[in-house]
Structure formats: structure tokens, C-alpha cells
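Novice: sequence? don't have it. structure:
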Ligand SMILES: O[C@H]1[C@H](O)[C@@H](O)[C@H](O)[C@@H](O)[C@H]1O
Ligand SMILES: [Fe+2]
Ligand SMILES: [Fe+2]
């Protein structure tokens, strides 16, 4: 699939000019999505140092995440969860399960995850009414967080949520709270701690092992259950937490040409994923029929998880 869109520039140097002070209700108006200048705690988005009720918990989360996400751990998880032998259910059933899930890594949101899914999808729908595949991508991108639930193995938060990054090569400095990597065994492994590590120039992200979590798991679920979503959707699901790449531009030397194309859509998507987080609730029952129709278009009725 070829994508002909301009690179969005809302993260450029003039980001201040592009952000507009809005009250939360403006997010639900029709037309172009407006980037709010503050999250629901009154801070800028993704400010990991801002003194807030969430700061300490989030830092603690990243400490564990960076210590335990090693190459060997990721390999084991991929093998284990690649079997998809735990649960059978529909996409919508999975959305409902997320009612119970709260993400401890997120400085911008403390609502149940189903709110975030609908807020993301609805914000995309307003600005890109014709890209139904992107609406559905918004709805499902975080479904992998069910890994936190007992029937999915009840993984700890550090193995499910938070930003992701490659393992098998050097941890980039732009990764949030990167100082904690010093306690990761791979940090001292000379096979893994160089710019390329076990990878090579333009090898393609598909060949790169990412830290384990909800992104890679949901990618596996979608792919192995033969979704008809386009490759850009699978790319978004798989790399939406890879902020070191899509926000900071690190690890670009590992991308191949297809990754470069798909990254354009990930930039589009990220605006909605990040800045739609608010206390404004979406009426689930009202939008449900629309999303059920999309699920039917792009997925089988029951999936293996
Ligand atoms: O805290 C957030 C949250 O877990 C998101 O779902 C993930 O995609 C982000 O990258 C992460 O920073
Ligand atoms: Fe996510
Ligand atoms: Fe998200």
C-alpha cells in the first residue's frame, strides 16, 4: 500500500504555535482535532518529570521495565504468546475486558482503558472520516493490555505497558528514564550493546526484537487471525509505543523502505493516541454499532488469543 500524505509537523519546533488552549469539551466538536496544551492533571503530555500524583509510580514502573526486558526475556515471551492458545473471543469482547485495566506507565491517563480506545478511535473518525481502517486501528491498538488479566497469564505491568524499544542492540539515550538500563544484563553484553548489535543497516523492523508488551502481542493476534487490515494498521499496532523512533528519530538505521512508508501513518495516528486522552467520556452504546460493523469487515467473528 502506498501512502501519499505529508509528514505531519506537530512535533516540530513550532509546536507551541500549533497547540491551542482548549477546554476538554472542544475535543468532541466536529472538524479538525485540536491538540490540547495540557493533560487532565494540568501538565504537558508525556512529561515524566512533572511533579504529579502519578510521577513516582511511573518512574518505578520504568525502573522495573528497563531492568527486566532483556533479549532472552523477549524471546521467551514471543515464543510463549505466539502459540495463541489461551482464549477464544471476539474483538468487542476483548474491548469490554479492558474496562478493568488501568495502565501504571501512563503519566497522562488514569481512566479505564476502554475509554482511551474509544477516545482515540472517535478523534480519528472526526478528522479522517473515510479511513475506516484507521478508526478500527484506534479502537484495537491497546487491546494487548489484556495480558495483565489472569486468564492471559496475569503479566506484571512492566511486561505489558509503557514505551517499547529494540533489544539486541544498544538502548538509546532518548528512551524515557534510560538510566535504569544500567541494571539490565544486556547493557554489559558486547553482542548487544553497540549501535547495530545483532542487526544490520536497513534490516527492517520486522527483523528487530522489540521489548515485550501489548504492541507486539496485539500485532501477533491480528496477523495470526488473518485480519484484512492494511499493513500500515499492523505497523501502527506494533510500533505505536516505540516513541524513541516515531518521536525522537532514533533507530532509523534499522528501517527498510516499507517501514519508512508506514511510519508516516504512525505519525498521523500518534496525534490521536496521545492527545485524545481526557476525562471526556464517549457514550459506548451509541458508537458500538459502528465499531461492530468495522470489526466484522476486518476480522473473523472469533479470534485466538
Ligand atoms: O504509558 C503509555 C501507554 O502504556 C501506552 O499504551 C503506550 O502505547 C505508550 O507508549 C506508553 O508510554
Ligand atoms: Fe499503547
Ligand atoms: Fe493508546
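Specialist: Done, it's in. What you are looking at is a predicted structure, and each value in this text was computed from that prediction instead of being measured. Ligands and ions are numbered 1, 2, ... in the order given.
Novice: just the strands in the protein please.
Specialist: All strands of the chain, identified by DSSP state E, fall at 88-89, 303-304.
Novice: okay if I get those as CSV plus mean pLDDT?
Specialist: Shown next, in CSV, are these (pLDDT from 0 to 100):
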stretch, mean pLDDT
strand 88-89, 98
strand 303-304, 98
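Novice: for ligand 1, give me its nearest residue in the stretch 151-300 of the chain.
Specialist: Relative to ligand 1, the nearest point of the stretch 151-300 of the chain is residue 241 (3.2 Å; Cβ to the nearest ligand atom). For every residue, glycine as well, the C-beta is placed using N, CA and C.
Novice: contacts only, for the spatially closest residue to that residue that is not a sequence neighbour.
Specialist: Nearest residue to residue 241 in three dimensions, chain neighbours excluded: residue 164, at 4.3 Å (Cβ to Cβ, 6 or more residues apart in numbering). Contacts for residue 164 (Cβ atoms under 8 Å, 6 or more residues apart in numbering) come out as 210, 211, 213, 215, 216, 239, 241, 242.
Novice: just give the nearest non-adjacent residue to the third one, would you?
Specialist: Closest residue in space to residue 213, ignoring its immediate chain neighbours: residue 160 at 5.3 Å, by Cβ to Cβ, 6+ apart.
Novice: helices along the stretch 151-300 of the chain, start to end?
Specialist: For the stretch 151-300 of the chain, applying DSSP state H, counting those that start in this stretch gives helices covering 214-224, 231-239, 243-246, 257-275, 284-298.
Novice: how close does the residue sitting furthest away from the middle of the chain sit to residue 198?
Specialist: Residue farthest from the centre of the chain, counting by Cα atoms, centre = their mean, is residue 190 at 29.5 Å. Going from residue 190 to residue 198 by Cβ to Cβ, to the nearest Å gives 11 Å.
Novice: ok, residue 101 next?
Specialist: Following Cβ to Cβ, the distance that separates residue 101 from residue 198 is 33 Å.
Novice: ok, back up a step: looking at the strands of the chain, which is buried most?
Specialist: strand 303-304 (a mean of 18; mean count of other Cβ atoms under 10 Å).
Novice: can you give me the neighbour number for the residue nearest to residue 213?
Specialist: Residue 160 has 26 neighbours, counted by other Cβ atoms under 10 Å.
Novice: cool, the one 10 residues further on as well?
Specialist: Residue 170 is surrounded by 18 other residues when neighbours are defined as other Cβ under 10 Å.
Novice: now do the one 4 residues further on
Specialist: Counted with other Cβ under 10 Å, the burial measure for residue 174 works out to 16 neighbours.
Novice: same question for the one 5 residues further on.
Specialist: For residue 179, the tally of surrounding residues (other Cβ under 10 Å) stands at 11.
Novice: equivalent analysis for the one 5 residues further on, please.
Specialist: Residues within reach of residue 184, counting by other Cβ under 10 Å, total 21.
Novice: same thing with residue 282?
Specialist: Using other Cβ under 10 Å, residue 282 has 18 other residues around it.
Novice: enumerate every residue touching it.
Specialist: 115, 118, 119, 122.
Novice: farthest pair within the residues you listed?
Specialist: Across the contacts of residue 282, no pair lies farther apart than 115 and 122, at 10.6 Å, counting by Cβ to Cβ.
Novice: looking at these two, which is more packed in?
Specialist: Using other Cβ under 10 Å, the more surrounded residue of residue 115 and residue 122 is residue 122, with 23 against 20.
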